[in-house]
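K.L.:
Sequence first, then the predicted structure:
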Amino acid sequence: WRAMTPTQVTAAVALNSSTAVTVTTLSNCAIEDPVITISNNVGGTNIDSIEILNGTNQHLMWTATVPPYAYNPVPAGNSIVFDCQAFTVSGGLGYIGFSLHGLHTAQNWIELSSGSNGLTIAITGGAATALISYYEQVM
């Protein structure tokens with residue numbers, strides 16, 4: 001069973017900082033397909049890098065600077081979307097600026113366990129809003 005509508009958790013992420021976000025699921029199985037959207041809220045300040053961590057084995061990284069590609073940040077009023085089901089990144093340099101950290105060992109990008117999940121979202125650049133969207137599921 002999969003819910004018909006997504007559950008959404010939002011959090012404010014301050015300028016050049018990391019923010020703890022608690023995502024509590026009611027599912028009795030791991031949710032392997034959340035969508036994480038980071039929206040830049042600050043006029044004139046770009047987002048240059050993003051890190052998303054869940055536990056010790058899930059660590060996504062994105063940067064706006066990947067040689068030899070041009071610098072392509074997330075400007076004010078724009079968003080970057082990490083779709084953990086489709087394994088896609090859209091916005092900024094998109095997938096070109098994306099990587100999994102060396103300590104990432106999970107099969108999927110981000111897996112939300114049943115119960116409480118402690119995500120950390122860190123950005124370099126403008127203040128942002130993080131939106132974690134997922135469908136509750138029962139096996």
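P.N.:
Done, it's in. Nothing here was measured: the structure is a model prediction, and the numbers come from that model.

K.L.:
From now on I want contacts and neighbour counts done on CA atoms only, so please keep to that.
P.N.:
Noted.

K.L.:
Show me the residue sitting in the middle of this protein in space.
P.N.:
The residue lying closest to the centre of the chain (C-alpha atoms, centre = their mean) is Ile36, at 4.0 Å.

K.L.:
can you map out the strands along this structure?
P.N.:
7-13, 18-25, 35-40, 47-54, 58-63, 79-83, 88-90, 98-100, 115-125, 128-134 (DSSP state E).

K.L.:
and among those, the most buried is which?
P.N.:
Highest mean neighbour count of the strands of the chain: strand 35-40, a mean of 23 (counted as mean count of other C-alpha atoms under 10 Å).

K.L.:
before we move on, the earlier item: out of the strands of the chain, nearest to Trp1?
P.N.:
strand 128-134 (13.4 Å; C-alpha to C-alpha).

K.L.:
what lines up beside that closest one in the sheet?
P.N.:
strand 7-13 (antiparallel), strand 35-40 (antiparallel) (DSSP bridges).
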